[in-house]
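[1] generate coordinates for the sequence data below:
(chains A and B)
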Amino acid sequence: MATPAAAIVKAGPMAELPPPLQRLSIAAWMRENLFSGWRSTLVTLLLGGILLIVVPPAIQWALIDAVWYAADSSACRAAAGACWAVIPEKHRVMFFGLYPYEEHWRPALALLLYIAGLAISGWSRTWRMSILLPLWTALPAAVLTLMLGGVFGMPYVDTSQWGGLPLTMVIFTGTIVLGMPVAMLLALGRRARMPVIRVLSVFMIEFVRGVPLVTILFTAAVIFPLFLPPGFDTDKMVRIVVGMAIFFGCYQAEVIRGGLQAIPKGQYEAADSLGLGYWGKTRKIVLPQALRIVIPGLMNHIISAFKNSTLVIIVGLFDFLNATGAAVSDPEWINYYTEAYLFVALVYFLGAYALSRYSHHLERRLSLGRQY
Amino acid sequence: MPQAAARGDASPVVAFLESQTFRAIVYQFFTAGTVAFLLWYVSTNAADNLVRQGIATGFSFLQQEAGYDVGEKWIEHSARDSYAQTILVGLLNTLYVSVLGVILATLLGTLLGIARVSRNWLSAKLSAAYVEVFRNTPLLLQIIFWYALLRQLPPPRQALDLLPGVFLTNRGLIHPTIVSDPIHLWILGGLILGVALSVLLVRRSRLRREKTGKALPVFWPSAATITGLPLLIWIAWGMPFTLDVPALRGFNFTGGTYQSPELVALVTGLVTYISAFIAEIVRSGIESVGHGQREAARSLGLREGHILRLVVLPQALRVIVPPLTGQYLNLVKDSSLAVYIGYPDLVSVSNTAVNQTGQAVEIIFLMMLVYLTISLSISLLMNWYNRAIALRG
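    Predicted coordinates for the structure are as follows:
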């Protein structure tokens, strides 16, 4: 018995193999990832060829031949590259739109405060009521006081004169702040046991989700004033923000509903057995869990709301995009709108990209306690 | 437990008043009452305001002469036609942009999604960069950018020659068209017959496989019938083929077909934007099919083509189709941004009607109704398709 086994089974340990390569050599990496077969090689060559044709002239245009600063557009006309000088030249109109020129420091300060406030409240160490509550009362108050004026010796500036990036900020924030409660109520309403409330919620959500945002904005801008008694005037910007908030709320309601459905029944029953009422149960047990599950979906729609804030230009508000369009309609600089729009695109990209990165971070952080 | 004791002592009327059923009824009456009151309040106000401003109400304006022309149209239309006819022209333009956009965005998005998961590093990275850039900038900004860029192109005399016969100028995109011939209808008939025959063949093949375990050859015979029948008709008719190629005459092109800068900018914007989202959906669909599925299929001895067609795609599609429906709906609704650059879509044409008649309530209501109908139809169609590919059980 022992003899045949000995012929098959090794008596001593085998020679050690070298450890697997941690890092491939450049040539091996390229063979693996760029030229692994004839099809891959063909794709690499094709894409590489396109990049070689497109990228060097683009760099030449955007960086090497570009004019970064010029007192007037003659320097740009002489140059072969991009005319980034249009941005320092027109930055006041682009950033602040129709806001009175001497008062530009006010929206600028408001914008800085807002960004600082956003940065502080994005940091998880500040997530305490003792910090967030004062911050989120003082911040909007300060921003609105600065923008509106009429007190502390600052002249009053009507919302019809607001413009540029601060207006985009006000619209975006207003949409989220007003829209989230709408979304939660609609989501709860759609799951309510009371048929009247359920039917009304379903009707509202499905109607708004079935029509384009443009039609909602037309309704807010043109039709809504007809619904009020004569002499009762509402602010156009506020109406538009409310319209955007309802649109946002109806999409977000469906996301939240997904979260509500994912909560196990035991959670509801446990809350019931503790003697919590409907609102206690919803506020303390159900919503915190439901919202945490759907963070990616919530953030998707928040990013959409950020991008959708540009649609207000269709009903004539001068947000960042519209103000830029107005800035480059100056005949002297009209040929350099490409540069101006690329800059605007960069600003929106940075905003949206930052939001999506933050969403990933939040998702990871909040799921830490559940990863075992 | 004093509370329970107190409740136990209460009369049945008090118990009923404290019950959940009663409260639910009160809440619902209150909600319904508030909604009804608001509706009544805004409609009486609106009626008052309209009378005061001297604006007509009702839908009789639809029969009146619109008095404005629409730049691009699929049916005969002039400024003498009614508002109803004019709005229909706008609706057809919306549908045209939507169909064109859905087809192109699906093709580009699928390509990008596959490139994103490919093992080729360069194509994966380029696709990822595309998705991030186009997904994170506002669609309206993209459309305005393309439109401004197109308007800045050289005039026809210095047109950019993209492909032979395809030119890009400040008046839009011009491309050759095939001169229509009565034979085209027959060729189309041949194509439909070919598709029908191959569907029959697939059915036969499946029945035969279920009975005997051996399938009939399907791919090559159907490919042959689908391309062969129209080709045969075309050859039998003496191969008529005239291409209307644009040529520069004086200051403009003659021949070919112009696509306006508005249309090109709108479709380009919609396609580049939506395809970025479709790419992500396709990627997640492909990644949702586990490695084990491919390995199991391989160990059964299936060929790569069969693995893709019989194992990976059916499972990936189940993940892809529902969110894809959402993107199609978004594309249709986003096509309303045409109003900003002046492409005569439904919103744009209706907006002019609002400005002329002042009947904003009726026209915007009509617009919403049309979009709701389109959205609902797409949802129903895609739900039907989704059921067809879903797991049966």
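[2] which residue comes closest to residue B:126 once chain neighbours are left out?
    Excluding its sequence neighbours, the residue lying closest to residue B:126 (Cβ to Cβ, 6 or more residues apart in numbering or on different chains) is residue A:47, at 6.2 Å. C-beta coordinates here come from the backbone N, C-alpha and C atoms, glycine included.
[3] now for chain B, the helix or strand with the poorest mean pLDDT.
    helix B:2-9 (a mean of 50; mean pLDDT, DSSP states H and E).
[4] ok, and for the following helix or strand past that one, which residues are buried?
    Reading on from helix B:2-9 to the C-terminus, the next helix or strand found by DSSP states H and E is helix B:12-18. By neighbour count with 16 or more other Cβ atoms under 10 Å in any protein chain shown, helix B:12-18 contains no buried residues.
[5] follow-up on the earlier one: contacts only, for the residue nearest to residue B:126.
    Residues in contact with residue A:47 (Cβ atoms under 8 Å, 6 or more residues apart in numbering or on different chains) are B:122, B:123, B:126.
[6] quick check on residue A:330: phi, psi?
    phi -60, psi 120 (degrees, to the nearest 10).
[7] and the residue lying closest to it once chain neighbours are set aside, which of the three is it?
    Using Cβ to Cβ, 6+ apart and skipping the chain neighbours, the partner closest in space to residue A:330 is residue A:90 (7.3 Å). When classified by DSSP: H, G, I helix; E, B strand; the rest coil, residue A:90 comes out as helix.
[8] repeat for residue B:329
    Quick answer, by three-state DSSP: residue B:329 is helix.
[9] that one is in contact with residue B:379, isn't it?
    Yes: under the criterion of Cβ atoms under 8 Å, residue B:329 makes contact with residue B:379 at 7.1 Å.
[10] so between these two, which is more surrounded?
    Set residue B:329 next to residue B:379 and count neighbours by other Cβ atoms under 10 Å in any protein chain shown: residue B:329 wins out with 20 against 17.
[11] where does the more buried one land on pLDDT?
    pLDDT, residue B:329: 91.
[12] now it: how far from chain A?
    According to Cβ to the nearest Cβ, to the nearest Å, residue B:329 and chain A sit 8 Å apart.
[13] next, give phi and psi for residue A:80.
    Residue A:80 adopts backbone torsions of phi -90, psi -20, taken as degrees, to the nearest 10.
[14] in contact with it, which residues?
    By Cβ under 8 Å, 6+ apart, the contact list for residue A:80 reads A:61, A:65.
[15] separation between it and chain B?
    For residue A:80, the distance to chain B - Cβ to the nearest Cβ - is 16 Å.
[16] would you point out which residue is most central in chain A?
    For chain A, the residue whose C-alpha lies nearest the mean C-alpha position (Cα atoms, centre = their mean) is residue A:303; its distance is 2.7 Å.
[17] tell me the contacts of it?
    By Cβ under 8 Å, 6+ apart, the contact list for residue A:303 reads A:352, A:355, A:356, A:359, B:136.
[18] quick check: residues of the stretch 251-393 of chain B near chain A?
    Residues of the stretch 251-393 of chain B lying close to chain A (Cβ under 8 Å from any Cβ of the partner chain) are B:333-334, B:336-337, B:339-340, B:347, B:351, B:354, B:360-361, B:364, B:367-368, B:371-372, B:375-376.
[19] and the top helix by length along chain A, what's buried?
    Criterion DSSP state H: the longest helix present in chain A is helix A:337-366. Neighbour-count burial for helix A:337-366 flags A:337-341, A:343-345, A:347-349, A:351-353, A:355-356, A:359, A:362 (criterion: 16+ other Cβ under 10 Å).
[20] filter the residues you listed by proximity to chain B?
    Counting by Cβ under 8 Å from any Cβ, A:337, A:338, A:341, A:344, A:345, A:348, A:349, A:352, A:353, A:356 from the buried residues of helix A:337-366 sit close to chain B.
[21] measure the first one to residue B:160 for me?
    According to Cβ to Cβ, to the nearest Å, residue A:337 and residue B:160 sit 19 Å apart.
[22] number of nearby residues for the residue lying closest to residue A:83 once chain neighbours are set aside?
    Nearest non-adjacent residue to residue A:83, counting by Cβ to Cβ, 6+ apart: residue A:76, 3.6 Å away. Neighbours of residue A:76 under the rule other Cβ under 10 Å: 22.
[23] what do you get for residue A:305?
    Using other Cβ under 10 Å as the criterion, residue A:305 is surrounded by 24 other residues.
[24] same check, this time on the one 5 residues further on
    As a burial measure, residue A:310 scores 25 neighbours (other Cβ under 10 Å).
[25] am I right that it is in a helix?
    Yes: assigned with three-state DSSP, residue A:310 falls within a helix.
[26] low pLDDT regions in the chain?
    Reading this off chain A. Along chain A, the model assigns pLDDT under 70 to residues A:1-8, A:21-24, A:367-372.
[27] actually chain B
    Scanning chain B for pLDDT under 70 picks out the ranges B:1-10, B:250-251, B:391-393.
[28] run the chain-centre distance for the lengthiest helix in it.
    In chain B, assigned by DSSP H, the helix with the most residues is helix B:83-117. Its chain's C-alpha centre and that of helix B:83-117 lie 5 Å apart, by Cα atoms, centre = their mean, to the nearest Å.
[29] in that helix, what's buried?
    For helix B:83-117, the neighbour count (16+ other Cβ under 10 Å) marks B:83, B:85-98, B:100-102, B:104-106, B:108-113, B:115-116 as buried.
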